[in-house]
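Chemist: I need the structure of the sequence given here:
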Amino acid sequence: MPTNYDVYGVGNSLVDIQARIDDSVLDGLKFPKGIMTLVDEDTQSRVLQSILGAKISRCAGGSAANTIAGIAEFGGKAAYAGKTGVDELGDFWLQDMRHLGVTIEVPRGEGQTGACVVLITEDAQRTMLTHLGLSATLRPEDISESEIRQAKYVYIEGYLFAGDSTKHAAIKAIELAKKNGVKVAFTVSDPFLIQMHRDLFWELIQGPIDLLFCNLEEARSLTGLTDAVDCAQKIHSHAADVALTLGEDGSLLMHAGKTIPIEGVTTKAVDTTGAGDMYAAGILYGITNGLSWRQAGHLASHAASRVVAQMGARLQTPFTKDEVARLVSGI
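Modeler: You can find the predicted model right below:
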């Protein structure tokens, strides 16, 4: 069957609400800086009250959704499975993604669409306070085999493993991908998930996962090693391909037994939200649209650099086809 999608993503459907704040606001809220914390609806309301008057923007989000949106903005073809509610936030999320050309066919539920408040301090650190809402109710029944069959890759976010229903949906997507000869890409998402699911993650890495995305902190947590190359090589001994990001120092790609170092792109960081998501978009778009791994890494590095130089996880100035062609020419 011909492929109609480059990537079929599975993840949480959240409206991202970004706010620039002072450290004093974060201190008052008493949440750990620079990581994602799950909160209940009441806490989310308190957080939203605390940022009244701050500079705020919003877009359809969720980790895998950001990557899928990036792929679509590059000109790729993508589908997505995530749960939203029949409410204003749900309307906004679906309209925002479908405007990019992303196919979404998961039935909506009764209840509140999830949201992630991203508090951005002057040092560009982002503290994410997430109320999953209906996104946490994504079920295996919401995963479409007919859609997966049309994709080159299925892309799974690690955050799905924080809940039983979403974990089973992720595993169902992986099983259907393998059944239909579709490759599986997985991002571990956060070190705390590794602590919770280390054995399961290694089982997936040693089994169905074809491409693993992680940052250095996550790679160290997974492997128990320190050196970036050592970490990447240990993971690559089990997973066919590895993309290990190193922040401003670029990234390492492992493909066909080779280490491919990718340079970082110098920029002034304003907001690190979505850097890894946009990097994954560059890699996945590249390898499903005829670029070499080195070319895809070069594109991904520039995409991540551009997204951290602005507010929010979606590119305010997407790459044109001519820009992409110039970036990868001669590489």
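Chemist: Verify the stated contact: Val220 with Lys234.
Modeler: Quick fix: residue 220 is Arg, not Val. No - using CB atoms under 8 Å, Arg220 is not in contact with Lys234, being 10.6 Å away. (Glycine included, C-beta is placed from N, CA and C.)
Chemist: For the stretch 1-150 of the chain, which segments count as strands?
Modeler: 5-10, 14-20, 36-38, 56-61, 78-81, 103-104, 114-120, 126-131 (DSSP state E, counting those that start in this stretch).
Chemist: average pLDDT across the fifth one?
Modeler: When pLDDT is averaged over strand 78-81, the result is 98.
Chemist: what pairs with it, and is each one parallel or antiparallel?
Modeler: Strand 78-81 sits in its sheet next to strand 5-10 (parallel), strand 103-104 (parallel), going by DSSP bridges.
Chemist: Please apply the same query to the second one.
Modeler: For strand 14-20, sheet partners with direction are given as strand 56-61 (antiparallel), strand 114-120 (parallel), following DSSP bridges.
Chemist: what's in contact with that strand?
Modeler: 48, 51, 54-62, 65-66, 89, 92-93, 113-120, 130, 132-133, 135, 271, 273, 311-313 (CB atoms under 8 Å, 6 or more residues apart in numbering).
Chemist: can you check the fourth one too?
Modeler: Residues external to strand 56-61 that are found in contact with it (CB under 8 Å, 6+ apart): 13-19, 69, 92-94, 96-97, 116, 274, 311-314.
Chemist: Please repeat the previous calculation with a cut-off of 7 Å.
Modeler: Contact with strand 56-61 is made by 14-19, 69, 93, 96-97, 116, 311-314, as judged by CB atoms under 7 Å, 6 or more residues apart in numbering.
Chemist: Tell me the buried residues in that strand?
Modeler: Going by neighbour count (16 or more other CB atoms under 10 Å), the buried part of strand 56-61 is Ser57, Arg58, Cys59, Ala60, Gly61.
Chemist: so which of the strands paired with strand 14-20 comes closest to Gly297?
Modeler: Of all the strands paired with strand 14-20, it is strand 56-61 that lies closest to Gly297, at 24.3 Å by CB to CB.
Chemist: Run the angle between that closest one and strand 126-131 for me.
Modeler: 60 degrees (axes from the mean of the first three to the mean of the last three CA atoms, to 10 degrees).
Chemist: from the chain's centre, how far out does strand 56-61 sit?
Modeler: On the basis of CA atoms, centre = their mean, to the nearest Å, strand 56-61 sits 15 Å off its chain's mean C-alpha point.
Chemist: same thing with stretch 43-52?
Modeler: 25 Å.
Chemist: still on that earlier bit, can you say which of the contacts of strand 14-20 are buried?
Modeler: 48, 51, 57-62, 65-66, 89, 92-93, 113-120, 130, 132-133, 135, 271, 273, 311-313.
Chemist: my guess is His255 meets Asp241, correct?
Modeler: Yes - the pair His255 / Asp241 is scored as a contact, 5.1 Å apart, by CB atoms under 7 Å.
Chemist: As JSON lines, the strands paired with strand 14-20 with distance to Arg108 would be great.
Modeler: JSON lines is the format used below for the strands paired with strand 14-20 (distance: least, CB to CB, whole Å):
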{"stretch": "strand 56-61", "distance to Arg108": "14"}
{"stretch": "strand 114-120", "distance to Arg108": "12"}
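Chemist: What segments of this protein are helices?
Modeler: 23-29, 41-50, 63-74, 88-99, 145-148, 164-179, 191-206, 216-223, 228-236, 275-288, 293-308, 321-328 (DSSP state H).
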